[in-house]
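A.B. asks: Prediction below, plus the sequence it came from.
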Amino acid sequence: MVSIYDVFYVVAKNGKISIKDVAKALGKSTNEYQSVFNCVLMLERRDLVLRKKKVSVVNSERAKRLFDLISFCLHNSVNYNVLFKDKMLYLIEKASKKEFFTIADVNMHAETFKFYTEALSKYGFLIIISRNPLKCKLLKGDFLVSLLKYFKKNARFYIPKKRSHIPDITRELKRYRRHVRISKSALANIESKRETGFIYSSLTLEGNPLTLPETERLLIEDIVPANQKLEFIDETRNYKWAVEEMIENSDSKKRLDMALILHYHDVAMHGKDFSGKIRKQNVFIKKNPDFVTSDWKDIERKLSLLMDVYTKFEDSQNKIVETIIFASYFHNEFQRIHPFIDGNSRISRLLMLHILRMHGLPVLELPIGYFDSYLNLTKRSKKRDDEEFRYLIEEIVLTNLKNLNNSINVYAKS
């Protein structure tokens, strides 16, 4: 059934358009013209569109905000018609007030609660902490704050506490290892989709405009997006090759060294004249003068020191907690050394995953609910905070394990 949001987006994308053409764009028959017309009337009453001979979007801040919300959803394969439902918005508003919440905090029918929390988890906005009883954590991000504000809900989020997730990670890792022994074929299928998701997430953080559906079609079905520039298509394919090499190398326990790091960069930035080369000039982070990168004359010395620390780490017996502390530190230090003209952040993430996966932590997802937290502790940060970043990476590791275990369970039952 067509929604007012479907109609609004078609009108917004087309400028001025007749109601008949709106119906056609939505794949509706002439018999369904009335439902499209009714949606236009509702949008008109909300001062979101103007209806004359043709329909157009009102030039207002509210209309722009709605378009941005829908565009974000489409970009990330989120069903906005589910997300914008009154009960979903009610749940998000209630859930945003406590770091961990249950159905008792929301006052909602059990099946409805389960449906909406599962949807938020699927979209990457929520972690399911436990299933019996169902306990969840909503992830604070700019999108959810904007969503609540648009629909005139209380957008004030809980203040998260610093806490270690190591006990939960240890428990989920044991479950994962049992699952792997039983369902190796399931894991291979699941990993392919997770890999594509990571590539999309990592490049989206760098401004690559390909949507998640476009990225999936390009990398899985080799279908090239019609309206995207070749440079972004090549960037996506190149990063896929680098990620695949990282997965193979980490799974075979191959240690990092400068030759391998330069190779990863060369593959990811293939076709650029600076690919695989240490920069010989100073660079800065756009829009954040507080993020200070190393003077180019100091890069080789700092990289040498970092690799010495890495060697000591690999030569030691490391438990889960030490692995996550070091992997997150390595990411932060490498990103701040910023050894390349471009591609530093995507390589920092790739190297962190190499370390985590090499030590048995199968991280290959960065859900969209973490985008803002991650950026606020890296390229947007005013001050470096390794401890806070380590706790974030712990939670991302835990989320990866929970999602993997759940996916393997679902796959095994299908």
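C.D. replies: Happy to help now that I have it.

A.B. asks: Now do the contacts for residue 225.
C.D. replies: Residues in contact with residue 225 (C-beta atoms under 8 Å, 6 or more residues apart in numbering) are 210, 214, 217, 218, 233. For the C-beta atoms, the positions are set from N, CA and C on the backbone; glycine is no exception.

A.B. asks: got it, and residue 361?
C.D. replies: Applying C-beta under 8 Å, 6+ apart, the residues near residue 361 are 169, 173, 320, 323, 324, 397, 400, 401.

A.B. asks: Show me what the helix or strand hosting residue 42 is packed up against.
C.D. replies: With secondary structure defined by DSSP states H and E, residue 42 is part of helix 33-45. Counting contacts by 3 or more C-beta pairs under 8 Å, 6 or more residues apart in numbering; DSSP states H and E, helix 33-45 is packed against helix 4-14, helix 19-25, strand 49-51.

A.B. asks: closest to residue 120 out of the ones you listed?
C.D. replies: helix 4-14 (17.9 Å; C-beta to C-beta).

A.B. asks: Pop the domain breakdown of this structure in here.
C.D. replies: 4-59, 61-161, 166-413 (automatic domain parsing).

A.B. asks: Now do the contacts for the residue nearest the centre of the chain.
C.D. replies: Geometric centre of the chain, nearest residue: residue 368, 3.0 Å, by C-alpha atoms, centre = their mean. By C-beta under 8 Å, 6+ apart, the contact set of residue 368 is 76, 123, 124, 125, 141, 143, 201.

A.B. asks: got a winner among these for most neighbours?
C.D. replies: Neighbour counts for the contacts of residue 368, by other C-beta atoms under 10 Å, peak at residue 125, which reaches 25 neighbours.

A.B. asks: Skipping its backbone neighbours, what lies nearest that one in space?
C.D. replies: In space, and not counting its chain neighbours, residue 125 is closest to residue 369: 4.4 Å by C-beta to C-beta, 6 or more residues apart in numbering.

A.B. asks: so how far is residue 91 from the one you found?
C.D. replies: Residue 369 is 15 Å from residue 91, where distance means C-beta to C-beta, to the nearest Å.

A.B. asks: go on, residue 242?
C.D. replies: From residue 242 to residue 91 the distance is 39 Å (C-beta to C-beta).

A.B. asks: and the residue lying farthest from the centre of the chain, what is it in contact with?
C.D. replies: Within the chain, the residue lying farthest from the chain centre (C-alpha atoms, centre = their mean) is residue 53, at 41.5 Å. Applying C-beta under 8 Å, 6+ apart to residue 53 gives the contacts residue 18.
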